[in-house]
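Peer 1: sequence and predicted structure below; questions after.
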Amino acid sequence: MSFIFKKVLVIIPTYNELDNVPTLINDVLKQDDRLDLLFVDDNSPDGTGKFIENVTLTNDRVNLISRESKLGLGTAYCKGFEYAILNNYDVIASSLLRRTFISFSVFSSRSTTATVIS
């Protein structure tokens, strides 16, 4: 059985990532037109959330959940998974930013299988 992915959401929790976010947005979105980004920002004092909020005004593939305080990585992913399911994404991907590449763990929201793409 083959499955064609039409909508893929990359969940990216952030806290004080202003220096990395502009490059990250460009690097991820140029990979495939089916990729959308969801940033879950924990009220970064460096302005990360505000920067992403401004990007969402001109780029409908970038989304933001702003949280009032630093609530942690696990709950950020839970919020992202909830968003993906409510918005009918076919695949949920979590990003792990490395020095020179981005690794995606890809999970189909309609399946229990998982694939890791690096």
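Peer 2: Good, I have the coordinates.
Peer 1: CA atoms for contacts and neighbours, from now on please.
Peer 2: Fine.
Peer 1: which other helices and strands contact whichever strand or helix holds L37?
Peer 2: Assigned by DSSP states H and E, L37 belongs to strand 35-41. Counting contacts by 3 or more CA pairs under 8 Å, 6 or more residues apart in numbering; DSSP states H and E, strand 35-41 is packed against strand 8-14, helix 21-29, helix 48-56, strand 62-66, helix 73-86.
Peer 1: is it possible to get a markdown table of these that adds distance to S94, mean neighbour count and mean pLDDT?
Peer 2: A markdown table is the format used below for these (distance: least, CA to CA, whole Å; neighbours: other CA atoms under 10 Å; pLDDT from 0 to 100):
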| stretch | distance to S94 | mean neighbour count | mean pLDDT |
| --- | --- | --- | --- |
| strand 8-14 | 5 | 24 | 93 |
| helix 21-29 | 12 | 14 | 93 |
| helix 48-56 | 18 | 18 | 98 |
| strand 62-66 | 14 | 19 | 98 |
| helix 73-86 | 8 | 16 | 92 |
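Peer 1: nearest to L35, out of these?
Peer 2: Of all those, strand 8-14 sits nearest to L35, with 4.9 Å by CA to CA.
Peer 1: dump that closest one to PDB, restricted to CA.
Peer 2: Listed in PDB are the C-alpha atoms of strand 8-14, where the atom choice follows Å, rounded to 0.1, in the frame of the first residue of the first chain:
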ATOM      1  CA  VAL A   8       3.300  17.700   6.100                       C
ATOM      2  CA  LEU A   9       3.800  19.800   9.300                       C
ATOM      3  CA  VAL A  10       7.200  20.300  10.800                       C
ATOM      4  CA  ILE A  11       6.900  21.200  14.500                       C
ATOM      5  CA  ILE A  12       9.700  23.400  15.800                       C
ATOM      6  CA  PRO A  13       9.700  24.300  19.500                       C
ATOM      7  CA  THR A  14      11.600  27.500  20.100                       C
END
